[in-house]
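One predicted model, sequence on top.
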Amino acid sequence: MDILWQYQFRIILLGDSTVGKSSLLKRFTDGIYSDVADPTVGVDFYARSLDIEPGVKIKLQLWDTAGQERFRYERERN
């Protein structure tokens, strides 16, 4: 049985609203770029696995947070 990954990292993207956090993550995970995106409500999750060296696989859990102050409660609650 192949090992899916040896290491796992969680990366939480923070920043002001409308700066492109969602677009950056969609480009990194899906290879798709769009300059029009729906606002993130709460948190969206993405994942990507990478071979960083021969025989070393990592999994990235990418969290896309809402950059709006009105969703701040969701970030503080988690």
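Noted; the coordinates are in hand. Numbers count the residues shown, from 1 in each chain.

give me the beta-bridge partners of residue 12?
Beta bridges link residue 12 to residue 63 when assigned by DSSP bridges.

How about whichever strand or helix holds residue 47, which residues are buried there?
Taking DSSP states H and E as the definition, residue 47 sits inside strand 43-53. If you call a residue buried by 16 or more other CB atoms under 10 Å, then strand 43-53 has these buried ones: 44, 46. Every residue, glycine included, has its C-beta placed from N, CA and C.

In terms of secondary structure, what does it contact?
helix 21-30, strand 56-65 (3 or more CB pairs under 8 Å, 6 or more residues apart in numbering; DSSP states H and E).

export the ones you listed to CSV and tack on mean pLDDT?
Output for the helices and strands packed on strand 43-53, formatted as CSV (pLDDT from 0 to 100):
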stretch, mean pLDDT
helix 21-30, 93
strand 56-65, 94
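
picking that back up, which residues sit against the strand holding residue 47?
Strand 43-53 is contacted by residues 4-5, 22, 25-26, 28-29, 57-66, 74-75, 78 when judged by CB atoms under 8 Å, 6 or more residues apart in numbering.

still on that earlier bit, between the helices and strands packed on strand 43-53, which one is closest to residue 13.
helix 21-30 (4.7 Å; CB to CB).

centre of the chain versus the closest one, how much separation?
7 Å (CA atoms, centre = their mean, to the nearest Å).

State the distance from the spatially most central residue of the chain to residue 54.
The C-alpha lying nearest the average C-alpha coordinate of the chain belongs to residue 62 (CA atoms, centre = their mean; 2.6 Å). Applying CB to CB, to the nearest Å, the value for residue 62 to residue 54 is 24 Å.
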